[in-house]
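Trainee: Turn this into a structure:
(chains A, B, C and D)
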Protein chains: 4
Amino acid sequence: MTSAREARPRIGVAGATGYAGAELVGLLVDHPAVELAQVSSRTHAGQAHREACRGSNCELTLRAELDATELDVVVSALPALEAAALAPAWLGAGALLIDVSGDFRLRDPLLYRRWYGADHPFPELLEDAVLAVPELCPKGSGARVLALPGCFSTTTILACGPAARSHLVDADVVVDGKTGISGAGRGAGEAYLFSELDESVLAYAVGGHRHQPEMAQALSELAGEEVAVTFVPHLVPMTRGISVTCYLRPRQGVSRERLVEVYQSAYRDSPFVHLVDQPAPTKLASRTNHCFIHLALQGPRLVVSAVLDNLGRGAAGQAVQVLNWRLGLAPAAGIGRAPQWP
Amino acid sequence: MTSAREARPRIGVAGATGYAGAELVGLLVDHPAVELAQVSSRTHAGQAHREACRGSNCELTLRAELDATELDVVVSALPALEAAALAPAWLGAGALLIDVSGDFRLRDPLLYRRWYGADHPFPELLEDAVLAVPELCPKGSGARVLALPGCFSTTTILACGPAARSHLVDADVVVDGKTGISGAGRGAGEAYLFSELDESVLAYAVGGHRHQPEMAQALSELAGEEVAVTFVPHLVPMTRGISVTCYLRPRQGVSRERLVEVYQSAYRDSPFVHLVDQPAPTKLASRTNHCFIHLALQGPRLVVSAVLDNLGRGAAGQAVQVLNWRLGLAPAAGIGRAPQWP
Amino acid sequence: MTSAREARPRIGVAGATGYAGAELVGLLVDHPAVELAQVSSRTHAGQAHREACRGSNCELTLRAELDATELDVVVSALPALEAAALAPAWLGAGALLIDVSGDFRLRDPLLYRRWYGADHPFPELLEDAVLAVPELCPKGSGARVLALPGCFSTTTILACGPAARSHLVDADVVVDGKTGISGAGRGAGEAYLFSELDESVLAYAVGGHRHQPEMAQALSELAGEEVAVTFVPHLVPMTRGISVTCYLRPRQGVSRERLVEVYQSAYRDSPFVHLVDQPAPTKLASRTNHCFIHLALQGPRLVVSAVLDNLGRGAAGQAVQVLNWRLGLAPAAGIGRAPQWP
Amino acid sequence: MTSAREARPRIGVAGATGYAGAELVGLLVDHPAVELAQVSSRTHAGQAHREACRGSNCELTLRAELDATELDVVVSALPALEAAALAPAWLGAGALLIDVSGDFRLRDPLLYRRWYGADHPFPELLEDAVLAVPELCPKGSGARVLALPGCFSTTTILACGPAARSHLVDADVVVDGKTGISGAGRGAGEAYLFSELDESVLAYAVGGHRHQPEMAQALSELAGEEVAVTFVPHLVPMTRGISVTCYLRPRQGVSRERLVEVYQSAYRDSPFVHLVDQPAPTKLASRTNHCFIHLALQGPRLVVSAVLDNLGRGAAGQAVQVLNWRLGLAPAAGIGRAPQWP
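Mentor: Predicted structure coming up:
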């Protein structure tokens, strides 16, 4: 091993055998500028990663827990509550934490309790955590805990963030989301069997979904005022992909052109977010870190539709993007795959 | 043939080889109280229906045009513009017309021109046409032209009609629709190939869709005031099924209970519209005439989600329902099939 | 209740909440000549059937066990081993048994032990059980136990039975099967999640599958000599449907015409089995009791392809067909639904 | 442009806007050792490739025809007959030809006429063309025309080639194939609409398919004796993926272990062909150049199942593999993408 290689940041992935975790491992194995040093899984500890996950090309053996003293960064794909429980140990050992779960997204511990059904074990960590969407966050984060928004939230924040920040729209948005089934994870139950879901669409969480407060928090912070969000997700019969269609109300006299300028300006430097002339199908983003956004006016409303891959930009891809961003690596390192069709 | 059989109303189906037309033929072949007497198709004239359509059990030979002098009712599944062109001849021969296309839905000829790209050839027929949703129309229609709302419109009118009529909500609704691909018809092109659509969701007509003015017209008439409708449809990878999720704003102090009462009252006598405790998957309505509606409050908004089969209650099933309604037959005659799962 | 109604045979369904059981219940609720009198489910005992199964229109309450003293026929959709354990009680109470599981298909208890991993608890019942495929069985069965072949076996026996019986082909057949996922049942695990199976085909049981000895037994009995069967099933991403493609070798000088005659003769009186000019898609049989068979010669081989719905003719539909056959009812009573497309 | 870059072989892709052509373009844009210099499409000439193909990141403008005097290699994804018509011009200009179509696969012009319905325009080119499957061809081809086997043929040749070459099996094989719909191409018609194919399996070409003579030719050449092939393909509802299950008969006394050794030896050096312990789902190969092969004995038969991506290893990926092989580049250059799941 060359000294250059040794100098590469050492990354550990916790929860490495779920869908998002395994996707992360695949991206990090091929990442040119970091070293995937450890992978953990409580249920598969002792197995090689390639035995535990279809398609894996990772030769590491799964540990029951990461040893963060040997790591520069922990990327956790553990479920909510499990990540929070381990975070102090990881941080105490000197590692940064990039967390895919919902444990560090909400600033308000009361909101956390409402949506996760338990008190946050370390609410003091919430204050300094950053809800990280690199395109819309201020440059140069020094945060030690970087939380990824949920897959629906990421799509919605990218779709509505520039409009909210610009004050060109009312502070009230309706978000209708559609997700592929992999969002339910590898351990999902009867309701996620093929036979239950194929040839069917199903609205769920119509009274409220965990991602709604994330959206409201992020858009409110961008807007500098409280933004109301109504959000309903739907299961659609596909494995990967998120589509959100957002209904906003432009303020008096705001043209589509003005809105397009604002979005172009927001995403000019992004290798991943693309404004498109026609709404894009989710499959165009499949297995990539790309996000496609379209703006239209329909009568008095602005319709913003956005698509991405829930396991890519919605989870593992975004985790790597945030890793690159936090460590000052090339933005597309390890996540530069282009779209393919069909 | 017994005289009782001879006394059964004689029905002709125009455009009998498209997806909706063939579904209609199948329902009418098995209908206990009417006689399917003629079927037409310009492209398949001269062929037996069972040769032209997979799964058909109809022995009739397809004509180029119906002879309405021999018919009591024409059910037309022709495309827009074609139905309107033939309507005067059918009506002049004494037949009633039940039309699946968009030709007789909009009262306003200017709106017709805007959405169908041509002047309506017989605008005088628009005045007396009824946009027929039996559950929400006054009893005992004597209309000679009964237009079915489009598949999205039917679902939306059923979902929002009771609320609009009750004035318990603001006159402004956002409707997010998801449709199976069969809505595009048997003659659809490259964009509807399996490989283009599978594993993908696609928003379309984001700037405005033909069904929007139907929804606005129907809901406005029910409300007695102008109801604004914003509507965006999405293609999802399934053959049959429509899901709409509607976002309304209840007026001050209106409870979910009050809304549920209004809906229960509206659909108490319907064999087809069901209020459910959890949102239903579209597949539950597949190949039936049923519609499942769910109400939820989320923050300040009322979320109404509804599902049905676009070829069933959204087209062919509803045509038979309207036929039964107009002729005073049993409401579920020929369309009583129960749901199946999965 | 009229006395005519009281005279209708009383049917109980054991295992009424799995996919096949629920399908059976739906068919029997609407059956014109029998009465669905009891339904059982150990896991859902005490619930109404319509609470336990999506789409159910059965008002009966699920019992933990059937009381066969009140029944004329038990139709069991319980898993293998569970059906066998209860059979003596049902038969002892005077009921006939129609069994969907594998418990009474194989005549040879040693084969049973090999494929089901346990000794048959009542091997003496195997002797008089009939593997019931009405089209190919002698008329007028008086058997007390009627076993349905598995879904793959039913399709294969229908596809190859006439050829085997005619001795126009060699006694060696390769059967390649493709099944929809509902065959795995409502209680299937991680391997049957949507995300694991969509956009994918998977061969399984390549070294041998439980249905192979059923096929071999049935075809051997029809042929009067031992027929070798090689069988490999595949999971394909659809909910319902079985397709088998069978590779046989016609004996010297046997023409396609001769083979077609044999098949036409075998199925002339069947309302369900259809010889078709082109191979049929499985969806044509979906939610029906129909089976479509096609014959082709390719070089030295006869290719017989057949399709049906695994939950219809492959399970619940066939159970009703056997019920009708055994009780001397109209063959299509309760299972006369025509194909629909798409 | 550096001189190193100028020294890279210059590649042109003919037929660059079909599914296979566009996939090729995507792979070559990112290929580290060649330069994609020209792309052609008669129907889209004059457009930028990225306008003509969803997901393209190729900035080149499509020409009506390639100018082969500027190219080292033409990779043609034109349909059969079109490729053959242009081949002499390309070769005359000094370019090598790698052809995805069926025009140079069959050595025998009579067979070509039978399966392609026309005389081959330049039968003299057939003699020196190589049917290129790098793992099974002799090293160091100097051929000027390299034909790729069809997607089914590639899979079958990889699945059966080692067994055929070893003489451990009889010279008679039954091949049952299942393909994703993208194999029908971007210009496919009504039969390939989503609604026609979803939730369905369909056998086709049961009397004989164009890929059968390729399989027979390739396996016969490997075996040094005539190998009989019976082949039936099936459409399954997925976009990408090929699965073949092959039924062979091992010669007396040949064990599975012996067969596995033969396969391991054949594929030891391949980065793409993997022997697996359980049959692999097609999705594991999706968007990669990998092929997974499994061997099982079932009674007297050897069952070999193999999967790959029809647009990857079955077309575009294999074209790049053959390019690398012919030009002496690293075998996995440009096609090294690892599997992902799900």
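Trainee: Check which helices and strands the helix or strand A:Cys160 falls within is in contact with.
Mentor: Secondary structure from DSSP states H and E places A:Cys160 in helix A:151-166. Using 3 or more CB pairs under 8 Å, 6 or more residues apart in numbering or on different chains; DSSP states H and E, the elements in contact with helix A:151-166 are strand A:172-179, helix A:211-223, strand A:228-235, strand A:242-248, helix A:256-267, strand A:291-298, strand A:301-308. Using the backbone N, CA and C atoms, a C-beta is placed for each residue, glycine as well.
Trainee: so how far is that helix from its chain's centroid?
Mentor: 12 Å (CA atoms, centre = their mean, to the nearest Å).
Trainee: residues in the stretch 1-150 of chain A within reach of chain C, list them.
Mentor: Within the stretch 1-150 of chain A, the positions adjacent to chain C are A:Tyr19 by CB under 8 Å from any CB of the partner chain.
Trainee: What distance do you get for the residue in the stretch 1-150 of chain A positioned nearest to chain B to A:Ala143?
Mentor: At 13.0 Å from chain B, A:Arg114 is the closest residue in the stretch 1-150 of chain A, using CB to the nearest CB. According to CB to CB, to the nearest Å, A:Arg114 and A:Ala143 sit 24 Å apart.
Trainee: on that earlier part again, quick one: which of the helices and strands packed on helix A:151-166 is nearest C:Ala333?
Mentor: C:Ala333 lies closest, by CB to CB, to one member of the helices and strands packed on helix A:151-166: strand A:228-235, at 37.7 Å.
Trainee: and the closest one, what does it pack onto?
Mentor: helix A:151-166, strand A:172-179, strand A:202-203, helix A:211-223, strand B:242-248, strand B:291-298, strand B:301-308.
Trainee: Only alpha carbons, please: show the fourth one as PDB.
Mentor: Coordinates of each C-alpha in helix A:211-223 appear next as PDB, following Å, rounded to 0.1, in the frame of the first residue of the first chain:
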ATOM      1  CA  HIS A 211     -40.600  13.400   6.200                       C
ATOM      2  CA  GLN A 212     -43.100  16.200   6.400                       C
ATOM      3  CA  PRO A 213     -41.500  18.000   9.300                       C
ATOM      4  CA  GLU A 214     -38.100  17.700   7.700                       C
ATOM      5  CA  MET A 215     -39.400  19.400   4.600                       C
ATOM      6  CA  ALA A 216     -41.100  22.100   6.600                       C
ATOM      7  CA  GLN A 217     -37.900  22.700   8.700                       C
ATOM      8  CA  ALA A 218     -35.600  22.900   5.700                       C
ATOM      9  CA  LEU A 219     -37.900  25.000   3.500                       C
ATOM     10  CA  SER A 220     -38.600  27.300   6.500                       C
ATOM     11  CA  GLU A 221     -34.900  27.800   7.100                       C
ATOM     12  CA  LEU A 222     -34.300  28.600   3.500                       C
ATOM     13  CA  ALA A 223     -37.300  31.000   3.400                       C
END
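Trainee: list the helices and strands that helix packs on?
Mentor: Packed next to helix A:211-223, using 3+ CB pairs under 8 Å, 6+ apart, are helix A:109-116, strand A:130-131, helix A:151-166, strand A:228-235.
Trainee: which residues sit against the helix or strand following the first one?
Mentor: Spelled out, that is helix A:109-116. Next helix or strand after helix A:109-116 toward the C-terminus (DSSP H and E): helix A:124-128. Identification of contacts with helix A:124-128 by CB atoms under 8 Å, 6 or more residues apart in numbering or on different chains yields A:84, A:87-88, A:91, A:104, A:106-109, A:112, A:120, A:143-145.
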